[in-house]
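Student: For reference, the sequence and a predicted model appear below.
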Amino acid sequence: MFDNEDVWDKYQVKVHSDEWFRFRTIGTDYYEGGVGASEVGKFIGMNKYSPVSTEVFYHKIGLGSPDRLMNDPIYWGQKMEPLILDAWQYEDLERGYAKNEMDFKETGDMKYLIRERGEANYYLVNKNYPWLFVSLDSVIPKGSRCINPKTKKWARNKDGSYYLLQKDCPLECKAMSFYSLKQWKGGMDPSYIAQVHSQMLVTGATYSEIVVLEDGRNLKILPVPLDATLAERLLNATHNFWYKKVIPGRDLVYEYKDKLGQGKRMEAERVFAEIQSLEPEPTAGQAYEDWIKDKIKDKGAQVKGNIQDYGLAQDYAYLTSLSNKIEALKQAKKNELLKRFRDLEVYKLELGKERSVGLSQSGRFTLKGIGKNVSDEAIEDIVRKITPNGSK
């Protein structure tokens, strides 16, 4: 797979080795490094987890390194991945993977093996986008059937036959909880959508799938076709990050360390200020707050701020007040609905086809099939307009 040397470079790197960490950060003698598929969402507002984009920047230029410690989620993710991927092969969208796998092992009949997954145990770099690299969990081979994203059934041609993939496509594997899946629009973490888009760009595919084991017992498959607009955003943001921040940042790090080595501390501090000026913009989310707080060394020092600082503080105060009001209104609406449940002596209200509001057995307030009346973009525009200094 991906054997055309005019298009792709392949790199075999042992996971969690020193070479692996260099490959993913400062680069090696055969690859200068780039942005990994799990990182791309950080630069387009689709991944707010640690390490944040600014921290990734420092990893890539060689000032700081990612955590090398194995933790429980990583450990169990690695353990579960082959089991989940193998189960994916037997999923027929109707009869179910468990029954099919059991019958296959009993009879050896290939009709129960719905799709066979491929392997790509290497880092893959597309020469058109050398600043991106991917490591695929698995591959849906060319000639396999695929899922219609709208119907969630097998995609078919006009004559009723299965539509078969024209290219090898990425297959991403996750183990998640029911709660994690339900909190995201479309039922999937945006960072994973960005991840498979990076994989599609590098592999040249226009289709991918994310197979998820939910709560350790339910297998779900999300088909993800290429969104050209998202792919373009991803390419522009990561290209800008790599060539306008990381590459010049590496040159400055070399100069910074040279000045320190010569004992020229004042000049070194000037160079470090230039490095800081290349940092990605602050991102929303607790992870960035935690990271930046850790960098504030002397919490007792204070200086006079400027008019921009005042504007930012004013916006924060305003938005805090606004969010408190909104939370109060939100709670009031929930309580009105709960009163309706009490008055009607019910736990759930049906509000049309596939729409309802109710209480789960655990007492959790749930909405099903009920979306907001305005888009995310419209909401962001409203926030910009009502914020005194126009902060996002």
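Tutor: Structure received.

Student: So residue 343 lies in a helix, does it not?
Tutor: Yes - residue state for residue 343 (DSSP: H, G, I helix; E, B strand; the rest coil) corresponds to a helix.

Student: how many neighbours does it have?
Tutor: If you count neighbours by other Cβ atoms under 10 Å, residue 343 ends up with 8. Placement of C-beta: from N, CA and C, glycine included.

Student: Next: residue 380.
Tutor: Counted with other Cβ under 10 Å, residue 380 comes out at 11.

Student: Correct me if wrong, but residue 173 is in a strand.
Tutor: Yes - under three-state DSSP, residue 173 sits within a strand.

Student: For it, name its beta-bridge partners.
Tutor: On the basis of DSSP bridges, residue 173 is bridged to residue 211.

Student: With residue 125 instead?
Tutor: Going by DSSP bridges, residue 125 forms beta bridges with residue 9.

Student: isn't it right up against residue 7?
Tutor: No - the criterion here is Cβ atoms under 8 Å, and residue 125 misses it with residue 7 at 9.8 Å.

Student: Just want to know which of the two has more residues nearby.
Tutor: Neighbours were counted for residue 125 and for residue 7 using other Cβ under 10 Å; residue 125 has more, 20 against 15.

Student: separation between that one and residue 267?
Tutor: As for residue 125, its distance to residue 267 is 37 Å (criterion: Cβ to Cβ, to the nearest Å).

Student: swap in residue 89?
Tutor: As judged by Cβ to Cβ, residue 89 and residue 267 stand 60 Å apart.

Student: Of the two, which one has the most company?
Tutor: More neighbours surround residue 89 than the other of residue 89 and residue 267, with 18 against 15 (other Cβ under 10 Å).

Student: Count residues in the vicinity of residue 320, would you?
Tutor: For residue 320, the neighbour count with other Cβ under 10 Å is 10.

Student: same deal with residue 284?
Tutor: Residue 284 has 10 neighbours, counted by other Cβ under 10 Å.

Student: The one 5 residues further on now?
Tutor: A total of 13 residues lie near residue 289 under the criterion other Cβ under 10 Å.

Student: next one: residue 189
Tutor: Residue 189 has 21 neighbouring residues, counting by other Cβ under 10 Å.

Student: thought it was touching residue 180?
Tutor: Yes - here residue 189 reaches residue 180: they are 7.0 Å apart, a contact under Cβ under 8 Å.

Student: Just to be sure, residue 241 is in a helix?
Tutor: Yes - secondary structure of residue 241 (three-state DSSP): part of a helix.

Student: For residue 53, see how far away it is.
Tutor: Here the criterion is Cβ to Cβ. By it, residue 241 lies 8 Å from residue 53.

Student: Between those two, which contacts overlap?
Tutor: Here residue 241 and residue 53 have 43, 280 as joint contacts, going by Cβ atoms under 8 Å, 6 or more residues apart in numbering.

Student: State whether residue 32 is indeed within a strand.
Tutor: No - under the criterion used here (three-state DSSP), residue 32 is coil, not part of a strand.

Student: For it, give its distance to residue 23.
Tutor: Counting by Cβ to Cβ, the gap from residue 32 to residue 23 is 10 Å.

Student: Next SSE downstream of the helix or strand harbouring residue 321?
Tutor: When elements are assigned from DSSP states H and E, residue 321 belongs to helix 307-344. Under the assignment DSSP H and E, the closest C-terminal helix or strand after helix 307-344 is strand 348-350.

Student: Are there helices or strands packed against that next one, and which ones?
Tutor: Other helices and strands packing on strand 348-350, by 3 or more Cβ pairs under 8 Å, 6 or more residues apart in numbering; DSSP states H and E, are helix 307-344, strand 356-359.

Student: Quick check: which of the ones you listed is buried the most?
Tutor: strand 356-359 (a mean of 16; mean count of other Cβ atoms under 10 Å).

Student: Only alpha carbons, please: show it as CSV.
Tutor: Written as CSV, here are the backbone C-alpha positions of strand 356-359 (Å, rounded to 0.1, in the frame of the first residue of the first chain):
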residue,chain,number,x,y,z
SER,A,356,-37.6,14.2,22.6
VAL,A,357,-36.6,15.7,26.0
GLY,A,358,-36.5,13.7,29.2
LEU,A,359,-34.7,12.3,32.1
